[in-house]
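*Asks:* compute the structure for the input listed below.
(2 chains)
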2 protein chains.
Amino acid sequence: MKKTPLYLLITLLLTQGGYHLQAQQNTRITGPAKKPNIIFFLVDDMGWQDCSVPFYKDTTPFNKTYRTPNMERLAAMGVKFTQAYANCVCTPSRVSMQTGMNAASHRVTNWTFYSKDHPTDEPYAGITFPEWNYNGLSPVADTNHTVNATPIAQILRQNDYRTIHVGKSHMASYPTLGANPINLGFDVNIAGSAIGGPNSYLGIENFGNNAKEGAARTGVPGLEKYHGKDIFLSEALTLEAIKAVDTARLLKKPFYLYMNHYAVHAQYKPDNRFYQRYIDAGLGKEEAMYASIIEGMDKSLGDLMEYLEKYKMMQNTVIIFMSDNGGLSLVPPRGGKPFTHNLPLKAGKGSGYEGGTREPMMVYWPGITKPNSTNSQYIIIEDFFPTILQMAGINKYKTIQTIDGKSIVPFLKDNNKRDTNRAIIWHFPNNWEEGAKKAKQYKIVPETQGMGPYSAIRKGDWKLIYFYGLGKAELYNLKDDIGELNNLVNHYPDKAKAMVEQLITMLKNEKAQFPSNTRTGELMYPQVVKSSTE
Amino acid sequence: MKKTPLYLLITLLLTQGGYHLQAQQNTRITGPAKKPNIIFFLVDDMGWQDCSVPFYKDTTPFNKTYRTPNMERLAAMGVKFTQAYANCVCTPSRVSMQTGMNAASHRVTNWTFYSKDHPTDEPYAGITFPEWNYNGLSPVADTNHTVNATPIAQILRQNDYRTIHVGKSHMASYPTLGANPINLGFDVNIAGSAIGGPNSYLGIENFGNNAKEGAARTGVPGLEKYHGKDIFLSEALTLEAIKAVDTARLLKKPFYLYMNHYAVHAQYKPDNRFYQRYIDAGLGKEEAMYASIIEGMDKSLGDLMEYLEKYKMMQNTVIIFMSDNGGLSLVPPRGGKPFTHNLPLKAGKGSGYEGGTREPMMVYWPGITKPNSTNSQYIIIEDFFPTILQMAGINKYKTIQTIDGKSIVPFLKDNNKRDTNRAIIWHFPNNWEEGAKKAKQYKIVPETQGMGPYSAIRKGDWKLIYFYGLGKAELYNLKDDIGELNNLVNHYPDKAKAMVEQLITMLKNEKAQFPSNTRTGELMYPQVVKSSTE
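*Replies:* Residues are numbered from 1 along each chain as shown, chains lettered A, B, ... in the order given. Down below sits the predicted model:
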């Protein structure tokens, strides 16, 4: 082995910043690099177009409306993925992220209510929903209607990471154990509980906590010090997150920050740091509120990056930006016209169409990702589980569950690498209450916006969606038709049939729960029937 | 190896109660027993006589005044130690407990202030105090004036224990890392911080939290849900402790509950569940308040035992009862006459005499300790570190520090076993502000009550105390003279000399810091000068 000259060693020491080269006898720079810090920055209900970073091939009017300079900065530092997917509602995505399991496998297929034993489905005529895991994720095996799995935070913690949970948790119902992130491998929990949205974003409203609440409280917990103060929730979470990260720094531990903003979930309140700007730009009150919440969330990203720079930790910190489902496209609470807020994607949260599941996603991995680059490989939220563990250098770990996700590290290392042979699936044998109810109010058939029980599969550019209620499969070529306007089932019946078969096979492999016909009691499976409404 | 007959196996299974004998292939009863839960129930400032359990050979008037039925019950279930020692003030004992180190070694020799870099010594004419570790215990090496050591909770946690901190922590100053129990190996922290006493015991007074407080707040933290409510602090802590233990039960993990009552530290407030009883019995207001706080603490012990019984966990839970220093014997806040509250022991908190360091201590270890028994072996608070790890079946562990404590398991297994050859030491090169000031108010020489810088050694029945300010050694035979009334230095000069020499040797081995002569700058060491005031 060639000896490293002293001046080079010194240079390395001076330039490595946050890297700490441990002097070891008989070894020089051959030891493992310090474990990177990892920030998983998860936004709630944020759509693919809700930012000034363009995720579509063109800059859209939405990109011009919303102002997210820190997301722009992150995009310039790393890679943006234009085809990253989550589930169509919140809890399934969060559980997939924590466990590496597809929703078909973990069976937490719809969002969990804040108190237990309360399925959240809107009834659907003729269809009986399966007994899905409506109590969420559990660290133990004997809680009814939960999935017992090894959470990623627990593995990271066992591998010396300081694991920090900030913000919305919403992985299980109170009082099951999974409702508290401390029971899911986190050292620190700031403001996470069984609730799925903030009663109030405002410190002056005690973040929605009021005297009437019982044990299963629905206000944002744990931020009492900000009660009565003029502070927006996103800012309070950020201040606390930075404190927690700073403690990890002082402890000389790598950290895993699971930064879950309650933003941009309803109920909206204006973030007054930014609100007036959007009113001045001509937006209506609802959209101005929404835009201000977006920008407040973006400010949080910027503040975290500023902290990392201050302590020279940017060179050893991975930042992953993600949202948990498609942008909400119901009116109210949004302004404008329903199901238009994610265009060119069709529909929004709760939908089997792209607007329901495609997410703004970016990764900055110093030394690995290419600055200012774009990647169009499709990936899905359970992929973050093996990806993050690989980033942390953790190759050996035990889990109760089988991991469905695939590490995206190869794509992070090479933007030109493609896997068009992989099939990814969605499974939602449920009915999203809010979407179903609002569609009825709008007097539209919910399925025209992808609402209702469905399963779907994507492989290459092709996507097939099966709507159980309609008994109908739809086939789209996303490359040519990102808006899912031209159903090609009748044009490509063999492809449709092959994709339905693969979908069923994969669902059965995952031991997915299928809905059943209420009248006959028979299980319902995806199928291709020649469509008259193509 | 002799085979165990089947009927004996069955009998064992039936009688082992909470013990879970894991059936393993090819092994019978050779597998490890289930790890026991461990409750370390630590009371603050509680004296040796502050209960209805007699720790002296006779029942004293104090035992008749205070009412602690649950301590009586614990005494009936296990063993009481009549010669268990702590340090003379709070933080040194707590750090010794956490680290297994003698105070001479960890150098946190006096109590720590709530904010950092603030030594708490009262000046002492002619003596310069050493630069002791006045910022307390730290999980990292680079915080000034702290001791960096591996805390016991961290080891227990690494060995699958759910580690729960409840109540007063007071192991380090804010904002050093050790001020937060979460940084010292605890999974859960309820109400612990850098503060050493409660601003208020009352929920209706928000436990002393007020709007004026800054970041280094001096109110009891983390119990916001009880603010404004008519609840006493000891009760709130107990409710939360039981919740935390219940979570451990549901997680199917053994737990280590470090139950640190703020009781019975000043400032006193009446615990109205019990106060009137003592007024009716003729106690003055101050002593009735104090007695009510004692009984409220005892109620907490009873509530925890009731929980254990409800879930059939009593057979697999160790309970250790202890206090952190001698009973406060200053007036005010106590009623009555100063330095009389621990009789027959001399003086109280802050003193080198027995009243400053001897503690009410009991252990219940199902299947091991003998019910309703008494043990007169002398032990010291750092002994709990190796003892608890041995109880937990943890034989291999790494610590930064050298452990000074000795496991007391042999004495727990056999009350007749004795070690009279072991020497234990105390090192307090400090001056307890409150005691020194009050003594002056009473117009008494502080050292007559054991106040002021001192070191001490006990071996067999003999105890030697050296007061640096007076330059005087005192020798007592505790078996004949528990009240330390007859200084035998002149009667046993050779013994006194030998004990001083052993004390110096042990202190030097511990790298103890000695005070120095302010005029000459010379370090001061214990010595025997023929006393004229014997």
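*Asks:* not counting its neighbours along the chain, what's nearest the closest residue to chain B within chain A?
*Replies:* Proximity of chain A to chain B (CB to the nearest CB) peaks at residue A:224, 4.3 Å away. Quick note: C-beta positions are derived from backbone N, CA and C, even for glycine. Residue nearest to residue A:224 in three dimensions, not counting chain neighbours: residue B:224, with 4.3 Å by CB to CB, 6 or more residues apart in numbering or on different chains.
*Asks:* what's the burial count for the one you found?
*Replies:* 16 (other CB atoms under 10 Å in any protein chain shown).
*Asks:* need the phi and psi values for it.
*Replies:* In terms of degrees, to the nearest 10, the main-chain angles of residue B:224 are phi -50, psi -30.
*Asks:* surely it meets residue A:223?
*Replies:* No. If you go by CB atoms under 8 Å, residue B:224 and residue A:223 don't touch, sitting 10.0 Å apart.
*Asks:* overlap in contacts of these two?
*Replies:* Contact criterion CB atoms under 8 Å, 6 or more residues apart in numbering or on different chains; residues shared by residue B:224 and residue A:223: none found.
*Asks:* not counting sequence-adjacent ones, nearest residue to residue A:160?
*Replies:* In space, residue A:160 is closest to residue A:253, 6.3 Å off (CB to CB, 6+ apart).
*Asks:* you'd agree the one you found is up against residue A:162?
*Replies:* Yes. Applying CB under 8 Å, one finds residue A:253 in contact with residue A:162, separated by 4.3 Å.
*Asks:* who has more neighbours out of the two?
*Replies:* Neighbours per residue (other CB under 10 Å) separate residue A:253 from residue A:162, with residue A:162 holding more: 24 against 20.
*Asks:* helix or strand for the spatially closest residue to the more buried one that is not a sequence neighbour, which one?
*Replies:* Counting by CB to CB, 6+ apart, residue A:162 lies nearest to residue A:248, which is 3.9 Å off, once chain neighbours are set aside. Assigning secondary structure by DSSP states H and E places residue A:248 in helix A:233-251.
*Asks:* tell me the contacts of the nearest residue to residue A:52 once chain neighbours are set aside?
*Replies:* Closest residue to residue A:52 apart from its sequence neighbours, by CB to CB, 6+ apart: residue A:68 at 4.8 Å. Residue A:68 is in contact with A:51, A:52, A:53, A:294, A:295, A:298, counting by CB under 8 Å, 6+ apart.
*Asks:* please apply the same query to residue A:447.
*Replies:* A:467, A:469, A:470, A:472.
*Asks:* and of those residues, the nearest to residue B:237?
*Replies:* residue A:469 (53.5 Å; CB to CB).
*Asks:* what's the neighbour count on that closest one?
*Replies:* Neighbour number of residue A:469 under other CB under 10 Å is 19.
*Asks:* so it, which state does it fall into?
*Replies:* Classification of residue A:469 using DSSP: H, G, I helix; E, B strand; the rest coil returns coil.
*Asks:* for the closest residue to it other than its chain neighbours, helix, strand, or coil?
*Replies:* Spatial nearest neighbour of residue A:469, excluding adjacent residues (CB to CB, 6+ apart): residue A:452 at 4.6 Å. Following three-state DSSP, we place residue A:452 in the coil state.
*Asks:* residue A:43 pairs with what?
*Replies:* With DSSP bridges as the criterion, residue A:43 is bridged to residue A:323.
*Asks:* what is the neighbour count of it?
*Replies:* Other residues close to residue A:43 by other CB under 10 Å number 31.
*Asks:* tell me the contacts of it?
*Replies:* A:261, A:263, A:264, A:297, A:321, A:322, A:323, A:324, A:360.
*Asks:* wait, which of the contacts of residue A:447 is closest to residue B:279?
*Replies:* residue A:469 (72.6 Å).
*Asks:* show me what the longest helix belonging to chain A is packed up against.
*Replies:* Determined from DSSP state H, the single longest helix within chain A is helix A:285-310. For helix A:285-310, the elements it packs on are strand A:37-43, helix A:69-77, helix A:233-251, strand A:255-260, helix A:275-280, strand A:317-323, judged by 3 or more CB pairs under 8 Å, 6 or more residues apart in numbering or on different chains; DSSP states H and E.
*Asks:* cutoff 10 Å now
*Replies:* strand A:37-43, helix A:61-65, helix A:69-77, helix A:233-251, strand A:255-260, helix A:275-280, strand A:317-323 (3 or more CB pairs under 10 Å, 6 or more residues apart in numbering or on different chains; DSSP states H and E).
*Asks:* ok so, going back, right, and the residue nearest to residue A:224 touches residue A:217 too?
*Replies:* No. At 11.9 Å, residue B:224 does not count as touching residue A:217 under the criterion of CB atoms under 10 Å.
*Asks:* which residues are common contacts for the two?
*Replies:* residue A:209 (CB atoms under 10 Å, 6 or more residues apart in numbering or on different chains).
*Asks:* which regions of the stretch 401-534 of chain A lie under the pLDDT threshold?
*Replies:* A:530-534 (pLDDT under 70).
*Asks:* show me the helices in it, by range?
*Replies:* A:409-413, A:433-442, A:493-509 (DSSP state H, counting those that start in this stretch).
*Asks:* neighbouring contacts of the longest one?
*Replies:* Under the criterion CB under 10 Å, 6+ apart, residues A:102, A:104-105, A:402, A:404, A:423-427, A:429, A:455-459, A:462-466, A:473-475, A:477, A:487-490, A:492, A:512-514, A:525-531 lie in contact with helix A:493-509.
*Asks:* tell me how far it lies from the chain's centre.
*Replies:* Here the centre of helix A:493-509 is set off from its chain's centre by 26 Å, with CA atoms, centre = their mean, to the nearest Å.
*Asks:* in that helix, what counts as buried?
*Replies:* Along helix A:493-509, these residues count as buried under the neighbour rule (16 or more other CB atoms under 10 Å in any protein chain shown): A:495, A:496, A:497, A:499, A:500, A:503, A:504, A:506, A:507.
*Asks:* repeat that for the second one.
*Replies:* Within helix A:433-442, the residues that count as buried by 16+ other CB under 10 Å are A:433, A:434, A:435, A:436, A:438, A:439.
*Asks:* so the third one touches residue A:454, yeah?
*Replies:* No. In this structure, residue A:435 sits apart from residue A:454 without contact. The criterion is CB under 10 Å, and the distance is 11.8 Å.
*Asks:* need the overlap of contacts for the two.
*Replies:* Joint contacts of residue A:435 and residue A:454 (CB under 10 Å, 6+ apart) are A:88, A:351, A:356.
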